[in-house]
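J.: just coords:
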């Protein structure tokens, strides 16, 4: 009986983490559009948003094209296409560490941007009077704790 419960719990946890991991990958792949309104709302001059998003997309296309082009130039047919993850093709340890740090920074930034509406909702629940206060130490500390908890939850679940 105890063994059966242990197996059911293990399978349940595995299924939940697989579902959450798949959902997180889907959100990560298509998150840009969901963040537009949040970014625009937080801008000092929202009217500059179209120019900002155009410049950001142009820079991203340039950077991704440069990375892909250089990767193919230096690695050619030896790129790791099985995993579909370009950094897996890096063989130099130092460069692999740098790439890992940059990917981690990218993921944290993406999760923070995506979670702005959720963090605002939690901040409203926690302390409604100070939820939009980004200037006081109390408001900033609450914002830090909320975002750290959301990031930690996302990390544990994936």
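T.: Yes, it's here. This is a predicted model, so every value here is computed, not measured.

J.: Assign a three-state SS to residue 44, would you?
T.: When classified by DSSP: H, G, I helix; E, B strand; the rest coil, residue 44 comes out as coil.

J.: and it, how far is that from residue 57?
T.: Taking C-beta to C-beta, to the nearest Å as the criterion, residue 44 is separated from residue 57 by 21 Å. C-beta coordinates here come from the backbone N, C-alpha and C atoms, glycine included.

J.: again with residue 111
T.: Relative to residue 57, residue 111 is positioned 20 Å away (C-beta to C-beta).

J.: These two: which has the busier surroundings?
T.: Neighbours per residue, other C-beta atoms under 10 Å: of residue 111 and residue 57, the larger number sits with residue 111, 19 against 11.

J.: element containing that one?
T.: helix 93-114 (DSSP states H and E).

J.: average pLDDT across that helix?
T.: What helix 93-114 shows for mean pLDDT is 81.

J.: list the buried ones in it?
T.: 99, 107, 111, 114 (16 or more other C-beta atoms under 10 Å).

J.: doesn't residue 86 make contact with residue 71?
T.: Yes - Residue 71 is within contact range of residue 86, at 5.9 Å (criterion: C-beta atoms under 8 Å).
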